[in-house]
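Student: Here's my sequence, what's the structure:
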Amino acid sequence: MADKYGRIFSIKLGVHRALVVNNWEIAKECLSINDKVFATRPNLACTELMGYNRAMIGFAPYGPYWRQMRKICIIELLSNHRLNLLKHVRESEVKTSLQQLYQLWNKKKSSNSDKVLVEMKRWFRDVTLNVILMIVVGKRIPNSYEGVETVEWKKLVDEYFELSGKIVVADALPFLRWLDIGGEEKRMKKVSKELDQLVEEWLIEHKEKIAENEANSEEDFMGVMLSKLRDDVEEHDANT
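Tutor: Predicted coordinates:
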């Protein structure tokens with residue numbers, strides 16, 4: 001298409017117009033020099049239904065709210081101080097996962113062979129997910145091999161990430177949203193509701209810790225956010 005239409009052109013996606021860039025120099029100009037112009041996110045069904053009406057920083061449009069959330073994330077989540085403070089979390093999760101991997105091998109090996117087939121893609125996913133959860137909410141999910149309930153939970157997480165990047169028909173043609181063609185919005189609502197119930201439990205637990213002035217109430221990111229955002233922020237309440 002670049003040979004036919006040039007290095008930059010626009011196409012119609014339903015009622016919306018999208019810009020297509022086929023040149024690295026133009027892409028650099030868009031994402032560095034004019035990054036603020038391209039920093040906002042489109043209003044999609046997944047960002048509304050699964051992102052708390054675009055409250056999540058990854059789904060939020062560029063503006064005062066997004067800048068405030070970015071500042072908090074950089075200072076309280078990605079700064080050198082926080083990374084060093086939570087270094088033990090990464091080390092502990094890798095160590096725990098290696099131990100679980102060894103236990104799995106020891107359990108499944110046979111007298112005929114010491115080799116055991118392991119789905120490393122799932123193993124790496126489990127390690128990454130647990131590190132993120134420990135840093136953000138101070139919780140970890142048991143290894144995928146530790147029960148049907150755990151497997152179902154991680155299947156739910158996988159489905160969430162799958163749907164969070166999905167563009168439905170209604171995103172291009174909003175007047176057809178009431179039809180929910182393909183049933184994707186129904187899936188989004190179901191997954192969002194199930195995950196929200198779990199996050200609500202974590203939120204209540206953190207609030208109780210803060211109320212009791214526990215020493216580690218601000219050790220994870222959720223505790224920090226609750227301590228800093230006691231009042232509503234922009235169009236979203238503090239709980240969101």
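
Student: Residue 50 versus the most centrally placed residue in the chain, what's the distance?
Tutor: When Cα atoms, centre = their mean is applied to the chain, the residue found nearest the centroid is residue 161 (7.1 Å). With distances taken as Cβ to Cβ, to the nearest Å, residue 161 is found 10 Å from residue 50. Using the backbone N, CA and C atoms, a C-beta is placed for each residue, glycine as well.

Student: Tell me the first helix or strand C-terminal of the longest helix anywhere in the chain.
Tutor: As assigned by DSSP state H, the longest helix anywhere in the chain is helix 184-211. Where DSSP states H and E defines the elements, the next helix or strand beyond helix 184-211 is helix 221-228.

Student: Report all helices and strands that the longest helix of the chain contacts.
Tutor: Counting contacts by 3 or more Cβ pairs under 8 Å, 6 or more residues apart in numbering; DSSP states H and E, helix 184-211 is packed against helix 45-49, helix 120-137, helix 148-164, helix 221-228.

Student: export those helices to a markdown table and tack on mean pLDDT and distance to residue 192?
Tutor: Formatted as a markdown table, the helices and strands packed on helix 184-211 follow (pLDDT from 0 to 100; distance: least, Cβ to Cβ, whole Å):
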| stretch | mean pLDDT | distance to residue 192 |
| --- | --- | --- |
| helix 45-49 | 91 | 6 |
| helix 120-137 | 87 | 17 |
| helix 148-164 | 80 | 8 |
| helix 221-228 | 81 | 18 |
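
Student: how about these, which one is nearest residue 177?
Tutor: Proximity to residue 177, assessed across those by Cβ to Cβ, is greatest for helix 45-49 (7.3 Å).

Student: buried residues in that closest one?
Tutor: 45-47, 49 (16 or more other Cβ atoms under 10 Å).

Student: same question, stretch 36-44
Tutor: So for stretch 36-44, counting by 16+ other Cβ under 10 Å, buried means 41, 44.
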